[in-house]
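Chemist: Build me a structure from this.
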Amino acid sequence: MATFGERVVGAMKLDANTFEEIERDPSAIGQAVGVIVLAAVSGGIGNLYWGGFSGILRGVFALLVGYLVWALLVWLIGTKVMPDPQTKADFPETFRVIAFAAAPGLLGFLTIVPILGWLIMLVLWLWSILAMVIAVRAVLDYSTTGKAIVVVLIGWIVNLCITALMGLMAFGSGMFRY
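Modeler: Predicted coordinates for the structure are as follows:
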């Protein structure tokens, strides 16, 4: 059984075996929540330059809600709409694995760097998407990566819309000020 740190590093290295191990370990739920919370706080710190203290709060809120919604969407799409014959994932398994796909977000604080912050954010975003594809393929036991990519893209688009709508309801149009 890997430690929390080993799992985070494995997820950041995009190691499919790490995601498979997390899927099989029900006790990893606390670690999964820890990854999301730490990534959310790190991303919130990255928003400090752009939005001050309220930027941290908005960033943390958006990332926490975003990963919960994304895990739910992946589970629903992957198990109800597009399952493979061998797909047998429940929501807790899916949540644990999807949460560890947030591991690249632990470096979100680096987006505070002026001028380069947007580039760092883009790299972290792409890295997280790759981690998500590997995590989805692992947790849903897909035989092809293409199917995992489709689930991730559908989930990402729907999640983006839901998160933006929730942000508007919670923070009003001030959410989009820079």
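
Chemist: From here on, just use CA atoms for contacts and neighbour counts.
Modeler: Fine.

Chemist: Give me the helix or strand of this protein that scores worst on average pLDDT.
Modeler: helix 48-76 (a mean of 78; mean pLDDT, DSSP states H and E).

Chemist: Can you name every helix or strand that it contacts?
Modeler: With contacts defined as 3 or more Cα pairs under 8 Å, 6 or more residues apart in numbering; DSSP states H and E, the packing partners of helix 48-76 are helix 29-46, helix 91-100, helix 145-171.

Chemist: Next, the angle helix 48-76 makes with the last one.
Modeler: Orientation of helix 145-171 against helix 48-76 (axes from the mean of the first three to the mean of the last three Cα atoms, to 10 degrees) gives an angle of 130 degrees.

Chemist: so where's this structure shaky on pLDDT?
Modeler: The model of the chain has pLDDT under 70 over residues 49-50, 55, 59, 167, 170-178.

Chemist: The residue of it positioned farthest from its centre: what secondary structure?
Modeler: Distance to the chain centre peaks in the chain at residue 85, reaching 25.5 Å (criterion: Cα atoms, centre = their mean). For residue 85, the assignment made with DSSP: H, G, I helix; E, B strand; the rest coil gives coil.

Chemist: Give me the buried stretch members for the least confident helix or strand of the chain, please.
Modeler: 48-51, 55-76 (16 or more other Cα atoms under 10 Å).

Chemist: what's the answer for stretch 81-99, then?
Modeler: For stretch 81-99, by 16+ other Cα under 10 Å, it's 82-84, 87, 89, 92-99.

Chemist: right, and the pair among those with maximum separation?
Modeler: 84 and 99 (21.9 Å; Cα to Cα).

Chemist: picking that back up, can you tell me which of the helices and strands packed on helix 48-76 is packed in deepest?
Modeler: helix 91-100 (a mean of 25; mean count of other Cα atoms under 10 Å).

Chemist: Does anything pack onto that helix? Which helices or strands?
Modeler: So helix 91-100, by 3+ Cα pairs under 8 Å, 6+ apart, packs with helix 4-12, helix 16-24, helix 29-46, helix 48-76, helix 117-139.

Chemist: quick one: contacts for the most centrally placed residue in the chain?
Modeler: The centroid of the chain falls nearest to residue 102 when counting by Cα atoms, centre = their mean (3.9 Å). Applying Cα atoms under 8 Å, 6 or more residues apart in numbering to residue 102 gives the contacts 35, 36, 39, 67, 128, 131, 132.

Chemist: what about 10 Å?
Modeler: For residue 102, the contacting residues are 8, 11-12, 32, 35-40, 63, 67, 124-125, 127-129, 131-132, by Cα atoms under 10 Å, 6 or more residues apart in numbering.

Chemist: repeat for residue 166
Modeler: Contacts of residue 166 (Cα under 10 Å, 6+ apart): 61, 62, 65, 66, 160, 172.

Chemist: Okay then, goodbye and thanks.
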